[in-house]
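Novice: What follows is a predicted protein model with its sequence.
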Amino acid sequence: MKSFIIALCLVAATVSAADAQKPAVIPLPQEMTLESGYFTLTADTPIWTDKASRKTAAFLTARLRSSTGFLFASRGKPFTGSETANGIVLTCRNADPQLGLEGYELTINSNSVVLRAPTQAGLFYGVQTLLQLFPPEIFSSNVVANVDWRVPCLHIRDWPRFQWRGLMLDVSRHYFNKSEIESLLDAMALHKLNTFHWHLTDDQGWRIQIKKYPRLTEVGAWRKGVGFGLASNSTTAYGPDGRYGGFYTPKDIHEVVAYATARHITVVPEIEMPGHSTAALAAYPQYSCTGGPFTIRADAGIFNGIYNPANDQTFVFLDGILSGVFRMFPGKYVHVGGDEVPKATWHNNPECQALMKREGLKDEKELQSWFTRRIERYVSSRGRTLVGWSEILQGGIARNATVMDWTGGATEAARAGHDVVMSPTGYCYFDFYQSTNHSAEPPAATWAPSLLLSRVYSFDPMPTNLPEQFQSHILGTQGNLWTEHVPNLNHAEYMIFPRECAIAEVAWSPKSSRDWDDFIRRLRVHAQRLDELGINYRHASITTPE
Ligand code: TNX
């Protein structure tokens, strides 16, 4: 606790009085003109809104209320269209359609704050910016006295560079409960991230309850211990029988999706196949190549739990799982993994070899491609879009698939007309160490080099060699937190922040405005917001950035 307080003082001390006056918005807005003067919020400030924007206004007033103690009218006052209204205006009326699906315009002068956006998502992002223009105490959950609640006069026009701005969380290696997921969603919203990629299944645990296949969670969600060499008290995710694990019911998922939707975040579920599937096959070994049995082991590495594509029933099983997934997740995208498939299992299996011969497949890479195409047809037939890791390109990519690049392939995929999400290990892997001094850090990925904050901030998701006509296929980028070494939320936040702040700026702000020193200046103010919100982060990345 003591070191925590000292660290807090250090962060605060590095923000000079002059810096504290400058806006410190993360991610940096596209266009911002600072003017002289301030708008001051008081208990009497009216908040005007049109009917369609009430929920967004309620989000703003709830936040303002908890720290200022000002009550405000709960539903907002009906906005008549007058631009010069005193107070705060949130509206979709007369918004500039050029701002697009997520853009907004914010005009602050000494007697009014006017926020306009063509969509509620845009308005919501405008609210995030407005909040960040107040003193950081605005994010306190208790009423704070003696703060001058003012925002600088300015004009902002803002919209995102990329449409996919994400965070991936692996809940298989370690389990995070519903309220922990929700707190990460809150932090995503603060940074204008709009895609939560939920890695729900892997070798070390199956976390989504599928009514048709109860053993997936009865068996697949639990293992002997926390594993990965971690202390048993590093987590509280134990069942009544003392086994480690947990899973989400359809009701939990419904609630998480609703929570995300209210923050304009789409949830992309990931169901791994054909590899990284040991937990599923521990429950249903009949769909494996060997027949099992499989034990769920908690250590890092690549396991042999891989589906048998030569058994038609495997596809009945997987289609059954996916149809349950479609019911729970309304979004367009479903991620089906596809990484690190240990091909030797297929190579040594006579049924798989016979299938390859029948289908004219020359190697196991083509067999994986055959498998993914079959799954993709099913996903497409239900009106969804399949996402898979880089490896789905090998042996030929399925027709409508979107590629998530972690080991390459973006240029090739985009040139072939496929959409791509960029999450290369060298910039986006939040399970890597945040400094080169590994011994001073909590456990992180052992197989990889470090991923410093400055490196994340230097990322350009647009591949340099991609001709302009294909560039619209690069949907955006995301940070990935694999959790082999991360058994609890406090540690997860430490790994995610402040690197997520950098990814958010990479994904939202124009490349031309990238400025490391200014980012660090803003981050020092932003750290105070994270403190108010109770979000853990790596302090050294902010006090002694590298
Ligand atoms: C590779 S990234 C994996 C994950 C591991 C991660 C550890 C990817 C698609 N596969 O299964 O958790 O490395 O850094």
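Specialist: That came in fine, so what should we check first?

Novice: can you give me the helices for the stretch 401-546 of the chain?
Specialist: 410-415, 425-428, 453-457, 489-496, 499-508, 516-533, 540-543 (DSSP state H, counting those that start in this stretch).

Novice: Now do the fifth one: which elements does it pack against?
Specialist: Just to be clear, that refers to helix 499-508. strand 164-170, helix 453-457, strand 474-481, helix 516-533 (3 or more C-beta pairs under 8 Å, 6 or more residues apart in numbering; DSSP states H and E). For the C-beta atoms, the positions are set from N, CA and C on the backbone; glycine is no exception.

Novice: got these as JSON lines, with mean pLDDT columns?
Specialist: Shown next, in JSON lines, are the helices and strands packed on helix 499-508 (pLDDT from 0 to 100):
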{"stretch": "strand 164-170", "mean pLDDT": "99"}
{"stretch": "helix 453-457", "mean pLDDT": "98"}
{"stretch": "strand 474-481", "mean pLDDT": "98"}
{"stretch": "helix 516-533", "mean pLDDT": "98"}
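
Novice: What residue in the stretch 51-200 of the chain comes nearest to the ligand?
Specialist: residue 170 (6.1 Å; C-beta to the nearest ligand atom).

Novice: what's that residue in contact with, if anything?
Specialist: 199, 202, 480, 481, 482, 483, 484 (C-beta atoms under 8 Å, 6 or more residues apart in numbering).

Novice: quick one: which of the helices of the stretch 401-546 of the chain is nearest residue 347?
Specialist: With C-beta to C-beta as the measure, helix 410-415 is the member of these nearest residue 347 (25.2 Å).

Novice: And the helices in the stretch 51-200 of the chain?
Specialist: According to DSSP H, counting those that start in this stretch, the helices that the stretch 51-200 of the chain contains are 54-68, 120-133, 178-190.

Novice: angle of the second one against helix 54-68?
Specialist: It stands for helix 120-133. Interaxial angle, helix 120-133 versus helix 54-68 (axes from the mean of the first three to the mean of the last three C-alpha atoms, to 10 degrees): 10 degrees.

Novice: What parts of the stretch 251-400 of the chain come near the ligand?
Specialist: Contact residues, the stretch 251-400 of the chain versus the ligand (C-beta under 6 Å from any ligand atom): 339, 340, 389.

Novice: Can you list which of these are found in strands?
Specialist: Mapping those onto strands (DSSP state E) picks out residue 389.

Novice: May I see the residues of the stretch 251-400 of the chain next to the ligand organised as TSV, with pLDDT and neighbour count added?
Specialist: What follows is those, written out as TSV (pLDDT from 0 to 100; neighbours: other C-beta atoms under 10 Å):
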residue	pLDDT	neighbour count
339	97	16
340	96	16
389	98	23
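
Novice: Between the residues of the stretch 251-400 of the chain next to the ligand, which sits nearest the ligand?
Specialist: When these are compared against the ligand (criterion: C-beta to the nearest ligand atom), the nearest one is residue 339, at 3.5 Å.

Novice: Now do the same contact list for the closest one.
Specialist: Residue 339 touches 272, 275, 276, 389, 390, 391, 406, counting by C-beta under 8 Å, 6+ apart.

Novice: Relative to residue 422, how far out is residue 477?
Specialist: 4 Å (C-beta to C-beta, to the nearest Å).

Novice: who touches both of those two?
Specialist: 428, 461.

Novice: Pick the most deeply packed of the helices of the stretch 51-200 of the chain.
Specialist: helix 120-133 (a mean of 23; mean count of other C-beta atoms under 10 Å).

Novice: could you check the angle helix 178-190 makes with that one?
Specialist: Using the same axes, to 10 degrees, helix 120-133 lies at 80 degrees relative to helix 178-190.

Novice: So which other helices or strands are in contact with helix 120-133?
Specialist: Using 3+ C-beta pairs under 8 Å, 6+ apart: helix 120-133 touches helix 54-68, strand 87-91, strand 104-109, strand 112-116, strand 150-158, helix 178-190.

Novice: thinking residue 485 is in contact with residue 234, fair?
Specialist: No: contact status for residue 485 versus residue 234: not in contact, 10.0 Å apart, counting by C-beta atoms under 8 Å.

Novice: Of the two, which one has the most company?
Specialist: residue 485 (20 against 17; other C-beta atoms under 10 Å).

Novice: who's in contact with that one?
Specialist: 228, 230, 431, 442, 443, 444, 445.

Novice: Quick check: beta-bridge partners of the residue nearest the centre of the chain?
Specialist: The residue lying closest to the centre of the chain (C-alpha atoms, centre = their mean) is residue 167, at 1.9 Å. Beta bridges link residue 167 to residue 196, residue 479, judged by DSSP bridges.
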